[in-house]
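> Just a sequence and a predicted model for now, questions to come.
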Amino acid sequence: MEEYRYIVWVGGCDDYYKNYTDAKRDADEWRAKGYDDVIIQEIIKKPSGCFVHRKVKEICNAKG
């Protein structure tokens with residue numbers, strides 16, 4: 001079973017995603033609605049079995 005790899009936080013509420021593409025799309029949709037407190041975190045499983053979260057540096061697809 002595939003595990004969740006990303007969390008999108010919007011003002012303290014969380015949504016979980018299995019891939020970055022879906023997480024990024026959701027974060028962009030929230031920002032388009034006017035929310036500015038949007039964060040994507042990656043869930044990393046360490047060899048010990050513990051999980052850590054890391055803020056993701058987002059990939060921008062803007063042309064310019």
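Okay, I see it. Numbers count the residues shown, from 1 in each chain.

> any idea where the helices of this structure begin and end?
20-32 (DSSP state H).

> got the residue ranges for the strands in it?
With DSSP state E as the criterion, the chain has strands at 6-10, 13-17, 38-45, 51-55.

> Could you list the residues in contact with the longest one?
Applying C-beta atoms under 8 Å, 6 or more residues apart in numbering, the set of residues contacting strand 38-45 from outside is 3-10, 20, 23-24, 27, 30-31, 51-56, 58. (Each C-beta comes from the backbone N, C-alpha and C, glycine too.)

> that older thread, let me have the strands of the chain in CSV, adding mean neighbour count and mean pLDDT as columns.
Listed next are those as CSV, based on neighbours: other C-beta atoms under 10 Å; pLDDT from 0 to 100:
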stretch, mean neighbour count, mean pLDDT
strand 6-10, 19, 94
strand 13-17, 13, 95
strand 38-45, 15, 88
strand 51-55, 11, 75
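
> Identify the bridge partners of the residue most central in space within the chain.
The centre of the chain sits closest to Ile40, judged by C-alpha atoms, centre = their mean, with a distance of 2.9 Å. Taking DSSP bridges as the rule, Ile40 bridges to Val8.
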